[in-house]
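S.K.: predicted model, plus sequence, below.
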Amino acid sequence: MRTVPTLSALASALGLAAAIGCGGGQTTAPPSEHAAPEVRKQNRVTNMHMHFDDITAIQVALVSGNVVAARELAKKFREGFQGEKPQGWGPYIERSVASAEMLEVTDDLHMAARIAGTMAGTCGDCHRDQEINVVEHAAIAPPRNDDRFSDFMIQHRWAADRMWEGLIGPSDEAWRAGALALAGTEITREDIAERLLLTPEIERLLVQIRKDAAAASSVHGADMRQELYGSFLAGCASCHRDMMNQRD
Ligand code: HEC
Ligand code: HEC
């Protein structure tokens, strides 16, 4: 039987240490052998690459249930837009900045997750209007699942990242691949009983996440996708936060 991970082990497994420690460096997991859409990263005239790193650091912090880190990262994200004013971009930048300002002052995990969904949706709205998709597609295949709980989590993470890219791209293909992978992931009591106090609340969360994912796979509107993502992200966040609290 594996032991229950410590708080810091969990935080580092979730990539949180990288997200809050390295000031704009790499925040996402290194590419794995599982082919996933790649976000284009050539240098252009704008700071898109930096925005991507900044906003994804927020997503990573929220997955692990850390609102305090997300708040700090929101400030960095907001400041990243300073001085960036190509013609016609004002409304999008204002929306991004306004979302960040809301995130900077919230203590509520669910609210924070919803704001993050809106923020990613704003990136996607502008890209859509510019008729671009910043997520390049390779074959999209979810990681294999060997029926161990940590494999489920790797799958959850994979799905959450694809849906995130689906919002930002915007990419229908990435969104649907993530949602379908997650909707098909069933975690039962037996999978986690050993290492986790499976409270009714936590059990409810697992069911909720799958429901959100199933709904997400057939939803097309950008607004609905943002909402669902927020709800879904809050599910990951709540469970991870509760587990950390159980261990304090
Ligand atoms: C106001 C419009 C607008 C907004 C808002 C916007 N983008 Fe972009 N984005 C663009 C345009 C135009 C390009 C293509 C030209 C370029 O790279 O500057 C682009 C390209 C990109 C690229 C590819 C960069 C490359 O080097 O090819 C990424 C990644 C990206 N955006 C991420 C984001 C993220 C993340 C956000 C939200 C935090 C965001 N963008 C918000 C307009 C926008
Ligand atoms: C039922 C509670 C619960 C929910 C809901 C949950 N997780 Fe987890 N997560 C855990 C536990 C417990 C661990 C520690 C894993 C272990 O010990 O293998 C974990 C660990 C992780 C890890 C680190 C995995 C590793 O072994 O490196 C990632 C990544 C992760 N979760 C992502 C997610 C994402 C993304 C979601 C939402 C889609 C999510 N989790 C939802 C309980 C949960």
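M.R.: That came through fine. Ligands and ions are numbered 1, 2, ... in the order given.

S.K.: mind listing what residue 232 touches?
M.R.: The contact partners of residue 232, by C-beta atoms under 8 Å, 6 or more residues apart in numbering, come to 160, 163, 182, 209, 212, 213, 216. Quick note: C-beta positions are derived from backbone N, CA and C, even for glycine.

S.K.: could I get the phi/psi values of it?
M.R.: Residue 232 adopts backbone torsions of phi -70, psi -40, taken as degrees, to the nearest 10.

S.K.: the bottom helix or strand of the protein by mean pLDDT?
M.R.: helix 16-21 (a mean of 34; mean pLDDT, DSSP states H and E).

S.K.: hang on, the earlier thing: any chance of a markdown table for the contacts of residue 232, columns secondary structure and pLDDT?
M.R.: Output for the contacts of residue 232, formatted as a markdown table (DSSP: H, G, I helix; E, B strand; the rest coil; pLDDT from 0 to 100):
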| residue | secondary structure | pLDDT |
| --- | --- | --- |
| 160 | helix | 93 |
| 163 | helix | 94 |
| 182 | helix | 86 |
| 209 | helix | 86 |
| 212 | helix | 88 |
| 213 | helix | 89 |
| 216 | helix | 91 |
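
S.K.: most surrounded residue in those?
M.R.: The most crowded member of the contacts of residue 232, judged by other C-beta atoms under 10 Å, is residue 163 (30 neighbours).

S.K.: assign the residue most central in space within the chain to helix, strand or coil.
M.R.: The chain has residue 59 as the residue nearest its centroid, 4.0 Å off, counting by C-alpha atoms, centre = their mean. Under DSSP: H, G, I helix; E, B strand; the rest coil, the three-state class of residue 59 is helix.
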